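Q: The following comprises the amino acid sequence and a computationally predicted model.
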Amino acid sequence: TRQAGMLDFDVFKRVVDEAGPSLGRIDFFNYGEAFLHKRAVEMCERIKTRFPHIYLYTSTNGLAFTDEAVRRLMRSGIDEVTFSIDGATPESYVRYRQRGSFEKAVAMMRAAAGERQRIGADVPFLNWRYILFRWNDSDREMDLARRMAADIGVDRLCWEMTDHPQSA
């Protein structure tokens, strides 16, 4: 029921420049994948350059990133990034993220952690958000996710309960 569209960059600049001095936090996401916008990383860079006091948080599935975009985002000063990856194997991941790529999502999360380590930065705080379903909440799969999270170097792996779809 929502109309698809992309935020005009000039409108973005005007709103952020007007509100920025009084903002404490911006959640850079909602109703879709923010990084499908061709200038999303630039938007994050602009927020943190002009208003470093703003706590900037985003959530992503990681699929719209390139290696270069991840590097830029990690260097932007963004405070927190959540990767939504719902499974620890390609088979369980694709049951919910049907057009997704487990390999790419994990590679982008790994690239983010690697870049943060390479530049010696404390931020962004990296989350792995894992929605639990019947097919991905076995002890074996959750243990695998814990090992992967430690290996990748994310700061937090969080399990999220859901009630939709009802059959899941």
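A: Now that the structure is in, tell me what you want to look at.
Q: Show the residue spans covered by the helices in this protein.
A: Listed in chain order, the helices found in the chain under DSSP state H are 9-19, 40-50, 67-75, 90-96, 102-119, 139-152.
Q: Now do the phi/psi pair for residue 52.
A: Dihedral angles phi and psi of residue 52 (degrees, to the nearest 10) take the values phi -60, psi -20.
Q: wait, what's in contact with it?
A: residue 77 (Cβ atoms under 8 Å, 6 or more residues apart in numbering). For every residue, glycine as well, the C-beta is placed using N, CA and C.
Q: same thing with residue 110?
A: With Cβ under 8 Å, 6+ apart, residue 110 has these contacts: residue 152.
Q: In space, what's closest to residue 49 - neighbours in sequence excluded?
A: Distances taken as Cβ to Cβ, 6 or more residues apart in numbering place residue 77 nearest to residue 49, at 7.5 Å, with adjacent residues excluded.
Q: circling back to that earlier point, for the helices of the chain, give me TSV that also has distance to residue 29 and mean pLDDT.
A: Below are the helices of the chain laid out as TSV (distance: least, Cβ to Cβ, whole Å; pLDDT from 0 to 100):
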stretch	distance to residue 29	mean pLDDT
helix 9-19	14	97
helix 40-50	10	98
helix 67-75	13	98
helix 90-96	18	94
helix 102-119	15	98
helix 139-152	21	97
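Q: could you redo those as a markdown table and give each row distance to residue 57?
A: Compiled in a markdown table, the helices of the chain are given as follows (distance: least, Cβ to Cβ, whole Å):
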| stretch | distance to residue 57 |
| --- | --- |
| helix 9-19 | 15 |
| helix 40-50 | 10 |
| helix 67-75 | 12 |
| helix 90-96 | 23 |
| helix 102-119 | 14 |
| helix 139-152 | 19 |
